[in-house]
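*Asks:* Need coordinates for the below:
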Amino acid sequence: MKRPLQTAREISERPEVRRQHQFNDNAVRMTRELSGPAGLERIGVHLVRIESGRDSTQFHYHDADEEFIYILSGRGIAEIGGDRFEVGPGDFMGFTAPSPAHNLHNPFAEDLVYLVGGERNPNDVVHYPRIRRTMIKGPGPRRWVDWDHLHPL
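*Replies:* Model prediction:
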């Protein structure tokens with residue numbers, strides 16, 4: 001049942017879902033979805049916990065979807081473009097589309113907990129510059145291609 005209000009108790013009782021990134025075996029997020037149970041369809045919002053030593057994702061940026069991250073507890077290292085920043089509770093990151101490539105890493109003993117949200121455009125292109133790969137989201141299943149196989153027109 002879709003409900004605009006989700007209490008802190010309801011959220012804490014919802015089981016975490018383990019999500020491993022398709023292009024980074026070390027990127028494991030323990031996630032509780034907030035937007036779906038509220039009935040939101042155009043934006044996704046998740047409560048995420050990253051254990052010590054884990055990444056949030058593969059270093060990436062989107063062509064269409066804007067994203068944000070708001071740190072609730074713990075500390076992490078945010079990599080944005082070529083820069084690294086230690087982040088902690090109350091820090092906010094907003095990523096336009098496109099933006100500098102970004103990801104989070106938790107090298108600390110305490111779990112890193114944050115809200116992440118973004119648009120759910122039906123069509124998007126996500127670039128992973130470190131591994132030279134692009135994922136295409138559109139009608140049908142998601143697809144990807146290594147940059148070595150791209151040809152200019």
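
*Asks:* Which secondary structure elements does the lengthiest strand in the chain sit against?
*Replies:* Assignment by DSSP state E gives strand 24-33 as the longest strand of the chain. Applying 3 or more Cβ pairs under 8 Å, 6 or more residues apart in numbering; DSSP states H and E, one finds that strand 24-33 contacts strand 17-21, strand 43-50. C-betas here are computed from N, CA, C, even on glycine.

*Asks:* now these as TSV including mean neighbour count and mean pLDDT?
*Replies:* What follows is the helices and strands packed on strand 24-33, written out as TSV (neighbours: other Cβ atoms under 10 Å; pLDDT from 0 to 100):
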stretch	mean neighbour count	mean pLDDT
strand 17-21	13	97
strand 43-50	18	97
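
*Asks:* Dump those to CSV, plus distance to Pro139.
*Replies:* Putting those into CSV (distance: least, Cβ to Cβ, whole Å) gives the following:
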stretch, distance to Pro139
strand 17-21, 23
strand 43-50, 19
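
*Asks:* Which among those strands is found nearest to Arg132?
*Replies:* Nearest to Arg132 among the helices and strands packed on strand 24-33 is strand 17-21 (16.1 Å), distances taken as Cβ to Cβ.

*Asks:* List the contacts of the closest one.
*Replies:* Identification of contacts with strand 17-21 by Cβ atoms under 8 Å, 6 or more residues apart in numbering yields Ala27, Val28, Arg29, Met30, Thr31, Arg32, Glu33, Asp55, Thr57, Gln58.

*Asks:* Between all of the residues you listed, which two are separated the most?
*Replies:* Pairwise distances across the contacts of strand 17-21 (Cβ to Cβ) peak at 21.7 Å, for the pair Arg32 and Gln58.

*Asks:* okay, His151: pLDDT?
*Replies:* His151 is assigned a predicted lDDT (pLDDT) of 87.

*Asks:* Residue for residue, what is the longest helix the chain has?
*Replies:* helix 8-13 (DSSP state H).

*Asks:* among the helices and strands packed on strand 24-33, which is nearest Ala97?
*Replies:* It is, among the helices and strands packed on strand 24-33 and with distance given as Cβ to Cβ, strand 43-50, at 13.2 Å.

*Asks:* following the closest one, which helix or strand comes up?
*Replies:* Downstream of strand 43-50, the first helix or strand assigned by DSSP states H and E is strand 61-62.

*Asks:* got the angle for the very next helix or strand once past that following strand vs strand 43-50?
*Replies:* Downstream of strand 61-62, the next assigned helix or strand under DSSP H and E is strand 67-73. For strand 67-73 against strand 43-50, the angle between stretch directions is 40 degrees (axes from the mean of the first three to the mean of the last three Cα atoms, to 10 degrees).
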